[in-house]
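1. Sharing a sequence plus its predicted fold:
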Amino acid sequence: MSNQAQKAIGVLDSGVGGLTVVHEICSLLPFESIVYFGDTARMPYGPRSYAEVRGFALEIIEFLQHQEIKMVVVACNSATAAGLPYYQERCDIPVLGVIEPGVRAALSYTRNGRVGVIGTTGTIGSSAYLKALQKANPALHIIARACPLFVLLVENDLVNTPEAEKVAREYLLPLREAAIDTLILGCTHYPLMAGLIQQVAGPEVKLVSSAEETAREVKEILTSGGLLNPLRSGAPGHRFFVSGKPSSFEGIGTKLLHRPVKAYQVLL
Ligand code: DGL
């Protein structure tokens, strides 16, 4: 294929979480093809060192670049926090992360300036959200909390269980006590358990996921670069790759994207 604009958007995550971003990209840009990689054999990324996560992400980006892509979306907060500039320096196509878009969305919602952030141990430990929020508005009161078990609850389809509710109550208690009005879901897996998080955080708290804002930014990058797919008919091709066994990924993906998801296992 020679036309850069007809190439796919490459998206990566440690597992199914990045599909929440794919969902928004597909709604906003229905004619774009997607090539997705979920590193299910090596997830969760959250507890791993930044150097290790950076290495994994770069390896996946290299794989995606062999699949005819025109840009990369690092649909994983942990991988974004571990080294977005590192990937950008090593790629000659646009590479977008999910933290800046999430921060922008939160800033547009908060009314009382009290913002909660939840994410993996790696993302919260990096203070990436804290720094970006404070840079945008030094007066914000920010409460950050790592919720390491959430990713495992999502990946193992255990979100609707009493155990999940117990874990959520424990993690979110300090945020409830802090009277936040906005809660950033700083992990792309968390929108898959937004119902439970909303129930525990309280109806007055606005949940912010970076997925929608990221999709808007993908559109902006493609539009300004003259990279929107000119083909406006027929279904775009979506391809899904995983490093682990495909079955659970396919099940969760099919539910989330409302269409059959077939994934191929690739050993990196
Ligand atoms: N979904 C990812 C994130 O946004 C990774 C979660 C993990 O593997 O720990 O951080």
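-> That came through fine.
2. Can you pull the residues of the stretch 51-200 of the chain lying near the ligand?
-> Applying CB under 6 Å from any ligand atom, one finds that the stretch 51-200 of the chain approaches the ligand through Cys76, Asn77, Ser78, Thr120, Thr123, Val151, Cys187, Thr188, His189. From N, CA and C alone the C-beta is placed, and that goes for glycine too.
3. So which of these belong to helices?
-> Asn77, Ser78, Thr123, Val151 (DSSP state H).
4. would a markdown table of these with distance to Leu64, neighbour count and pLDDT be doable?
-> Output for these, formatted as a markdown table (distance: CB to CB, whole Å; neighbours: other CB atoms under 10 Å; pLDDT from 0 to 100):
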| residue | distance to Leu64 | neighbour count | pLDDT |
| --- | --- | --- | --- |
| Asn77 | 18 | 33 | 97 |
| Ser78 | 18 | 35 | 97 |
| Thr123 | 22 | 27 | 97 |
| Val151 | 22 | 27 | 95 |
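5. Closest one of those to Arg259?
-> Val151 (24.1 Å; CB to CB).
6. For that closest one, give me its contacts.
-> Ser14, Gly15, Gly17, Met43, Pro44, Gly46, Thr120, Cys187, His189 (CB atoms under 8 Å, 6 or more residues apart in numbering).
7. Weed out the non-buried ones from the residues you listed.
-> Ser14, Gly15, Gly17, Met43, Pro44, Gly46, Thr120, Cys187, His189 (16 or more other CB atoms under 10 Å).
8. isn't there a helix covering the third one?
-> No. The assignment for Gly17, made by DSSP: H, G, I helix; E, B strand; the rest coil, is coil rather than a helix.
9. For it, give its distance to the ligand.
-> 3 Å (CB to the nearest ligand atom, to the nearest Å).
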